[in-house]
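Asker: Using only what follows, build the 3D model:
(one chain, ligands or ions: 1)
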Amino acid sequence: MAAVTSTGSVTSAPRTGATGSGPSELTDRPNKRRAGEVAGGLAVAESRPQVVDGLLRGARCSRCAHPSAQPDVPWCPVCFGPVEECGFDPEGVVWAATTVHLPVGRWAAPFGLAYIDVDDGPRVLVHVAHDPLPRGGDRVGFGITDDGDLAQHGVGDGQNGDPR
Ligand SMILES: [Zn+2]
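Answerer: Residues are numbered from 1 along each chain as shown. From the prediction side, this is the model:
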C-alpha cells in the first residue's frame, strides 16, 4: 500500500538519481538521436535544399537524368547510376499548395507551403504567400531566406507569414 502522511498526501518512493541531478534532459545512454552541436553533440548535416549564387544546388543522374535537390547523394536513387552536381534555376510550377494554420518555428500562422516542380529539375517544398495561395500550375520563383528556408520571392522577408 502507498504510504499516507498525516496531512493526507501520498508519498512515493524517492527517486534514486536515475534521471541525473543536473538540469539537462540528456543522458549518457546511447540512442539513435543526435543532439546536434548546439547541445554538445555532433554536427547535423543541413538537410534543406540550398540556393547558392542564384541556383538551386542539386545533382542529376548521368544515366537516367533523374534530378535531385541533394547535391551530395552518392548515387542515383532511381537507377543507382553515377550523379553529377549541378544547379537549377530556382523557379517552376506549383504542383500542390496549402495553408498551414499552426505556427512552426519562426513562421507565424497562417503561412503557405507549396511543392514546386522546378523547371527541368526536382520537386522542392517552398514557403509561399498564403493570401492568395498560389494554385496548381502557377509559376513561382523562389530564393532562400537568411534562416535557410526556401521561400517565394517576397515571402519570409517580414511581409508575409514571418513574425519578424
Ligand atoms: Zn538514374
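
Asker: what helix or strand is the residue most central in space within the chain on?
Answerer: The residue lying closest to the centre of the chain (C-alpha atoms, centre = their mean) is residue 48, at 5.6 Å. Using DSSP states H and E, residue 48 sits in no helix or strand.

Asker: Please tell me I have it right and it contacts residue 150.
Answerer: Yes. Here residue 48 lies in contact with residue 150, judged by C-beta atoms under 8 Å, at a distance of 7.1 Å. C-beta: built from backbone N, CA, C; applies to glycine.

Asker: Which neighbours do those two have in common?
Answerer: Counting by C-beta atoms under 8 Å, 6 or more residues apart in numbering, no residue touches both residue 48 and residue 150.

Asker: re earlier: the residue nearest to the centre of the chain and the ion: what is the separation?
Answerer: Separation of residue 48 from the ion (C-beta to the ion, to the nearest Å): 23 Å.

Asker: now that residue, nearest residue through space, not along the chain?
Answerer: Distances taken as C-beta to C-beta, 6 or more residues apart in numbering place residue 148 nearest to residue 48, at 5.7 Å, with adjacent residues excluded.

Asker: contacting residues for that neighbour?
Answerer: 46, 48, 50.

Asker: will you turn these into JSON lines that also has pLDDT?
Answerer: Converted to JSON lines, the contacts of residue 148 look like this (pLDDT from 0 to 100):
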{"residue": "46", "pLDDT": "78"}
{"residue": "48", "pLDDT": "92"}
{"residue": "50", "pLDDT": "95"}
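
Asker: Tell me how many other residues crowd residue 155.
Answerer: Counted by other C-beta atoms under 10 Å, the residues lying close to residue 155 total 25.

Asker: My read is that it contacts residue 131, right?
Answerer: No. Using C-beta under 8 Å, residue 155 makes no contact with residue 131, being 11.1 Å away.
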